[in-house]
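# Just need the structure, nothing else, for what follows:
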Amino acid sequence: MKKFEEIKFNIETLKGISAKNIEEHLKLYAGYVKHANLILEKINELAQDAEKNAYALGEVQRRFGFEYNGMRNHEVYFASLSGGATPLPDKSELKKAITEEWGSHEAWLNRFKSIALTRGIGWAMLYYDRKEKRLLLTWVDEQHLGQLQDCTLILALDMWEHAFVYDYPTSEKKKYVEAFFENLNWETIEDNFLKAIK
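Presented below is the predicted three-dimensional model:
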(Lines give C-alpha, C1' and ligand atoms only; values in the text may rest on other atoms or scores of the structure.)
Protein backbone atom coordinates (compact mmCIF):
# COMPACT_ATOMS: atom_id res chain seq x y z
CA MET A 1 0.00 0.00 0.00
CA LYS A 2 1.29 3.47 -0.89
CA LYS A 3 2.23 5.50 2.19
CA PHE A 4 2.07 9.22 2.90
CA GLU A 5 5.54 10.69 3.33
CA GLU A 6 6.67 13.32 5.78
CA ILE A 7 7.85 16.52 4.08
CA LYS A 8 11.05 18.17 5.32
CA PHE A 9 10.73 21.95 5.52
CA ASN A 10 13.43 24.62 5.23
CA ILE A 11 12.42 26.87 8.13
CA GLU A 12 15.03 29.47 9.03
CA THR A 13 15.15 31.56 12.22
CA LEU A 14 11.76 33.23 12.64
CA LYS A 15 10.77 36.48 14.32
CA GLY A 16 8.60 35.84 17.36
CA ILE A 17 8.33 32.07 16.84
CA SER A 18 11.12 30.10 18.51
CA ALA A 19 13.10 27.23 17.05
CA LYS A 20 11.89 25.14 20.02
CA ASN A 21 8.24 25.77 19.12
CA ILE A 22 8.87 24.88 15.47
CA GLU A 23 10.82 21.75 16.46
CA GLU A 24 8.03 20.47 18.72
CA HIS A 25 5.36 21.45 16.18
CA LEU A 26 7.13 19.51 13.43
CA LYS A 27 7.11 16.41 15.66
CA LEU A 28 3.35 16.75 15.91
CA TYR A 29 3.09 17.01 12.11
CA ALA A 30 5.20 13.85 11.79
CA GLY A 31 2.69 12.15 14.09
CA TYR A 32 -0.17 13.04 11.75
CA VAL A 33 1.68 11.49 8.81
CA LYS A 34 2.44 8.35 10.83
CA HIS A 35 -1.12 7.97 12.09
CA ALA A 36 -2.71 8.64 8.70
CA ASN A 37 -0.67 5.70 7.40
CA LEU A 38 -1.47 3.48 10.40
CA ILE A 39 -5.19 4.19 10.10
CA LEU A 40 -5.23 3.30 6.39
CA GLU A 41 -3.54 0.01 7.27
CA LYS A 42 -6.14 -0.61 9.99
CA ILE A 43 -8.99 0.19 7.61
CA ASN A 44 -7.65 -2.35 5.13
CA GLU A 45 -7.34 -4.93 7.89
CA LEU A 46 -10.86 -4.35 9.25
CA ALA A 47 -12.35 -4.26 5.76
CA GLN A 48 -11.42 -7.92 5.28
CA ASP A 49 -14.58 -8.64 7.28
CA ALA A 50 -16.48 -5.37 7.00
CA GLU A 51 -19.73 -6.75 8.36
CA LYS A 52 -18.18 -8.16 11.51
CA ASN A 53 -16.02 -5.05 12.04
CA ALA A 54 -18.63 -2.47 11.00
CA TYR A 55 -18.53 -0.46 14.22
CA ALA A 56 -14.73 -0.43 14.54
CA LEU A 57 -14.38 0.31 10.82
CA GLY A 58 -16.74 3.29 11.10
CA GLU A 59 -14.85 4.74 14.06
CA VAL A 60 -11.41 4.39 12.51
CA GLN A 61 -12.73 5.79 9.21
CA ARG A 62 -13.92 8.90 11.07
CA ARG A 63 -10.50 9.24 12.65
CA PHE A 64 -8.81 9.17 9.25
CA GLY A 65 -10.30 12.56 8.32
CA PHE A 66 -8.83 14.09 11.46
CA GLU A 67 -5.33 12.70 10.93
CA TYR A 68 -5.28 13.30 7.16
CA ASN A 69 -6.43 16.91 7.40
CA GLY A 70 -4.02 17.49 10.27
CA MET A 71 -1.23 16.32 7.98
CA ARG A 72 -2.28 18.41 4.98
CA ASN A 73 -3.11 21.57 6.97
CA HIS A 74 0.32 21.48 8.59
CA GLU A 75 2.03 21.05 5.22
CA VAL A 76 0.46 24.29 3.97
CA TYR A 77 1.28 26.01 7.28
CA PHE A 78 4.96 24.99 7.40
CA ALA A 79 5.52 25.62 3.68
CA SER A 80 4.38 29.22 4.17
CA LEU A 81 7.10 29.67 6.85
CA SER A 82 9.86 28.00 4.79
CA GLY A 83 12.60 29.64 2.77
CA GLY A 84 12.56 33.01 4.54
CA ALA A 85 10.05 35.84 4.62
CA THR A 86 9.18 37.52 1.33
CA PRO A 87 6.70 40.33 0.61
CA LEU A 88 3.53 40.00 -1.43
CA PRO A 89 4.17 42.15 -4.52
CA ASP A 90 1.54 44.77 -5.35
CA LYS A 91 1.18 43.36 -8.86
CA SER A 92 0.78 39.73 -7.76
CA GLU A 93 -2.32 37.84 -8.88
CA LEU A 94 -3.10 36.90 -5.28
CA LYS A 95 -2.98 40.49 -4.08
CA LYS A 96 -5.27 41.51 -6.93
CA ALA A 97 -7.74 38.77 -5.96
CA ILE A 98 -7.58 39.77 -2.28
CA THR A 99 -8.24 43.41 -3.15
CA GLU A 100 -11.11 42.45 -5.44
CA GLU A 101 -12.78 40.38 -2.71
CA TRP A 102 -12.17 42.55 0.38
CA GLY A 103 -11.42 46.02 -1.00
CA SER A 104 -7.81 46.15 0.18
CA HIS A 105 -5.03 43.92 1.47
CA GLU A 106 -5.30 45.65 4.86
CA ALA A 107 -9.04 44.92 5.13
CA TRP A 108 -8.38 41.26 4.27
CA LEU A 109 -5.55 41.04 6.80
CA ASN A 110 -7.71 42.50 9.58
CA ARG A 111 -10.48 40.01 8.75
CA PHE A 112 -8.06 37.09 8.70
CA LYS A 113 -6.54 38.08 12.04
CA SER A 114 -9.97 38.45 13.64
CA ILE A 115 -10.89 34.94 12.47
CA ALA A 116 -7.61 33.63 13.91
CA LEU A 117 -8.61 34.93 17.34
CA THR A 118 -11.80 32.86 17.39
CA ARG A 119 -12.15 31.21 20.80
CA GLY A 120 -11.20 27.55 20.87
CA ILE A 121 -8.83 25.36 18.90
CA GLY A 122 -8.73 25.27 15.13
CA TRP A 123 -7.43 26.98 12.02
CA ALA A 124 -7.90 30.31 10.24
CA MET A 125 -7.97 29.49 6.52
CA LEU A 126 -7.80 31.26 3.18
CA TYR A 127 -9.33 29.14 0.41
CA TYR A 128 -9.86 29.52 -3.31
CA ASP A 129 -13.34 28.42 -4.41
CA ARG A 130 -12.75 26.93 -7.86
CA LYS A 131 -16.43 26.88 -8.74
CA GLU A 132 -17.14 30.52 -7.90
CA LYS A 133 -13.61 31.66 -8.77
CA ARG A 134 -13.18 33.68 -5.59
CA LEU A 135 -11.29 33.69 -2.31
CA LEU A 136 -12.98 32.73 0.96
CA LEU A 137 -11.95 33.05 4.60
CA THR A 138 -13.18 30.64 7.26
CA TRP A 139 -12.55 29.06 10.63
CA VAL A 140 -12.04 25.28 10.79
CA ASP A 141 -12.73 23.58 14.12
CA GLU A 142 -9.98 21.18 15.16
CA GLN A 143 -8.79 20.34 11.62
CA HIS A 144 -11.59 18.61 9.89
CA LEU A 145 -14.87 20.27 10.91
CA GLY A 146 -15.57 23.13 8.54
CA GLN A 147 -13.18 22.45 5.67
CA LEU A 148 -14.75 23.93 2.55
CA GLN A 149 -15.83 21.45 -0.11
CA ASP A 150 -14.12 21.73 -3.52
CA CYS A 151 -11.91 24.61 -2.37
CA THR A 152 -8.12 24.76 -2.45
CA LEU A 153 -6.26 25.79 0.69
CA ILE A 154 -4.04 28.81 0.00
CA LEU A 155 -2.94 29.87 3.51
CA ALA A 156 -3.40 28.10 6.85
CA LEU A 157 -2.83 29.56 10.31
CA ASP A 158 -2.70 26.95 13.07
CA MET A 159 -4.46 28.25 16.18
CA TRP A 160 -4.12 25.15 18.34
CA GLU A 161 -2.18 25.99 21.49
CA HIS A 162 0.69 23.71 20.42
CA ALA A 163 1.47 26.22 17.65
CA PHE A 164 2.54 28.92 20.12
CA VAL A 165 2.66 27.46 23.65
CA TYR A 166 6.47 27.61 23.97
CA ASP A 167 6.45 31.32 23.10
CA TYR A 168 3.19 32.82 24.35
CA PRO A 169 0.55 32.08 26.98
CA THR A 170 -2.96 31.60 25.59
CA SER A 171 -3.87 35.12 26.71
CA GLU A 172 -1.18 36.48 24.35
CA LYS A 173 -1.95 34.43 21.23
CA LYS A 174 -2.51 37.69 19.33
CA LYS A 175 1.29 38.18 19.46
CA TYR A 176 1.71 34.79 17.78
CA VAL A 177 -0.72 35.81 15.01
CA GLU A 178 1.30 38.98 14.40
CA ALA A 179 4.56 36.97 14.35
CA PHE A 180 3.08 34.49 11.86
CA PHE A 181 2.37 37.26 9.35
CA GLU A 182 5.85 38.75 9.80
CA ASN A 183 7.44 35.46 8.72
CA LEU A 184 5.41 34.47 5.68
CA ASN A 185 6.99 33.47 2.41
CA TRP A 186 4.45 35.07 0.07
CA GLU A 187 6.11 33.51 -2.98
CA THR A 188 4.99 30.09 -1.72
CA ILE A 189 1.49 31.36 -0.92
CA GLU A 190 1.22 33.02 -4.34
CA ASP A 191 2.28 29.73 -5.91
CA ASN A 192 -0.54 27.95 -4.03
CA PHE A 193 -2.95 30.46 -5.51
CA LEU A 194 -1.61 30.25 -9.07
CA LYS A 195 -1.89 26.46 -9.00
CA ALA A 196 -5.47 26.70 -7.69
CA ILE A 197 -6.68 29.03 -10.45
CA LYS A 198 -5.32 26.88 -13.31
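# Show me the helices in this structure, by range?
19-46, 54-80, 93-102, 105-116, 173-182, 186-196 (DSSP state H).
# Looking at the ones you listed, which is nearest to residue 127?
Residue 127 sits nearest to helix 186-196 of all the helices of the chain, at 8.6 Å, using C-beta to C-beta. For the C-beta atoms, the positions are set from N, CA and C on the backbone; glycine is no exception.
# got the angle between that closest one and helix 93-102?
If you take axes from the mean of the first three to the mean of the last three C-alpha atoms, to 10 degrees, helix 186-196 sits at 70 degrees to helix 93-102.
# thinking residue 127 is in contact with residue 156, fair?
No - using C-beta atoms under 8 Å, residue 127 makes no contact with residue 156, being 9.5 Å away.
# which one of the two has more residues nearby?
residue 156 (24 against 21; other C-beta atoms under 10 Å).
# Quick check: most distant residue from the centroid of the chain.
The outermost residue of the chain, judged against the average C-alpha position, is residue 52 (36.2 Å), by C-alpha atoms, centre = their mean.
# Include distance to residue 165 when you put the helices of the chain into CSV, please.
Listed next are these as CSV, based on distance: least, C-beta to C-beta, whole Å:
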stretch, distance to residue 165
helix 19-46, 7
helix 54-80, 15
helix 93-102, 30
helix 105-116, 16
helix 173-182, 9
helix 186-196, 25
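# Tell me which of the ones you listed sits nearest to residue 140.
Among those, helix 54-80 sits nearest to residue 140 (C-beta to C-beta), with 7.7 Å.
# Which elements pack onto the closest one?
On a contact count with 3 or more C-beta pairs under 8 Å, 6 or more residues apart in numbering; DSSP states H and E, helix 54-80 meets helix 19-46, strand 151-158, helix 186-196.
# could you list every residue that touches the spatially most central residue of the chain?
Nearest to the mean C-alpha position of the chain, by C-alpha atoms, centre = their mean, lies residue 73 at 3.0 Å. By C-beta atoms under 8 Å, 6 or more residues apart in numbering, the residues touching residue 73 are 123, 140, 143, 153, 156, 158.
# now the residues you listed in CSV, with pLDDT and distance to residue 11?
Output for the contacts of residue 73, formatted as CSV (pLDDT from 0 to 100; distance: C-beta to C-beta, whole Å):
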residue, pLDDT, distance to residue 11
123, 97, 19
140, 96, 22
143, 87, 20
153, 98, 19
156, 98, 15
158, 98, 14
